[in-house]
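Visitor: below are the sequence and a predicted model for it; my questions follow.
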Amino acid sequence: MASKAPRPNWRDRAFVVRTYDFGEADRVVVLLTQHHGLVRGVAKGVRKAKSRFGSRLQPFVEVDALIYPGKNLATIASADTVTYYGARIIDDFDRYAAACAVLETAEKLSYDEADPALFALVEGALENLQTDQHPTMVLDAFILQATEHAGWGLSLFNCANCGAPGPHKAFNATVGGAVCNNCRPPGSLDVERETLHDMWLMQRGSPVSSQRSAQIHRATVAHLQFNLETGLKSLKIMEQA
C-alpha cells in the first residue's frame, strides 16, 4: 500500500494569540493566521537563550510564518517580523490588557478555516492601540465588529425583542441589544440613548468619543460573555485594575 504524500508546507501572515512551554526548549504557539484560521504548532528550540526565532513569536507581532502541517500539531519552521505593535502596548497596562483581550477574543471567535476579515479586525485594533484612542474603546469597537462578523450582531436602535422603534434606554445581552420598557427583562442595564447610538457607530467602524465609555464597555462585555458562554481571563484582569 502506497504511503500518503506529505501535505505541502505553506506561508501565511499570523498573530500569536497564546503560547505554552513544550519539552525542554520548545514551545507550542497558537497562531491566528490570515488564510488558514487558527493554527496550533510547535516552534522548536525557541526557549534557548540565543534564539532569535523565539523573540519573533510573541504577542503583538505580525509575522510571516512558514508552516509544515502535522497530524496533531503543525511545525512552525520560521517566522519573519512584518509589523511590531508592542511599542505603545507593553509598557502601558491599559493598552496591554486591551490588546490581550483582543487576541483572546479573536481566538474564541476563530475556527480552523480562513477568516481574513477577523484577521484584519485584529490588525486594525492593534494599529489603533498605537494611537491616542482610549484603549477600552478600541477593544469594545473590536468586540462589536468581530461579533457582528461572527453573526452575533446587536440590535441597537429597535427593540431586540418586539422591534419597537427606538431610541431606547435599556440594554439586555440575552435578548440581543436594546429593549423597550415593555420588553425589558429583570437585570437589564440602564443606559443613555446616546450610549446605544455610540455602540451602533462603533459596530460599523466609526470612531466615537469616550464620554460614555464605562456604559459602552459594560454592555459590550455582557454581550461577548453571553455569546461565548464564558468569561475571558484578560477582561477579568482589566476589571481588577
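Guide: Ah, there it is. Residues are numbered from 1 along each chain as shown.
Visitor: and the helices in the chain?
Guide: 52-56, 93-109, 116-128, 135-149, 193-203, 213-228, 233-240 (DSSP state H).
Visitor: so which of the ones you listed gets nearest His35?
Guide: helix 116-128 (6.4 Å; CB to CB). C-betas here are computed from N, CA, C, even on glycine.
Visitor: what pLDDT, on average, does the closest one get?
Guide: For helix 116-128, mean pLDDT is 97.
Visitor: put the alpha carbons of it into CSV.
Guide: Output of helix 116-128 as CSV, limited to C-alpha atoms (Å, rounded to 0.1, in the frame of the first residue of the first chain):
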residue,chain,number,x,y,z
PRO,A,116,-9.3,37.2,6.5
ALA,A,117,-11.9,39.6,7.9
LEU,A,118,-11.3,38.6,11.5
PHE,A,119,-7.5,38.9,10.9
ALA,A,120,-8.0,42.4,9.5
LEU,A,121,-10.0,43.4,12.6
VAL,A,122,-7.2,42.2,14.9
GLU,A,123,-4.7,44.1,12.8
GLY,A,124,-6.8,47.3,12.9
ALA,A,125,-7.3,47.0,16.7
LEU,A,126,-3.5,46.7,17.3
GLU,A,127,-2.9,49.6,15.0
ASN,A,128,-5.4,51.7,16.9
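Visitor: next, the buried residues of that helix.
Guide: By neighbour count with 16 or more other CB atoms under 10 Å, helix 116-128 contains the buried residues 118-119, 121-126, 128.
Visitor: TSV for the residues you listed, including distance to Leu73?
Guide: Shown next, in TSV, are these (distance: CB to CB, whole Å):
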residue	distance to Leu73
Leu118	22
Phe119	21
Leu121	26
Val122	22
Glu123	25
Gly124	29
Ala125	27
Leu126	26
Asn128	32
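Visitor: for the residues you listed, which one is nearest Ala150?
Guide: When those are compared for distance to Ala150 (CB to CB), Leu118 wins out at 8.0 Å.
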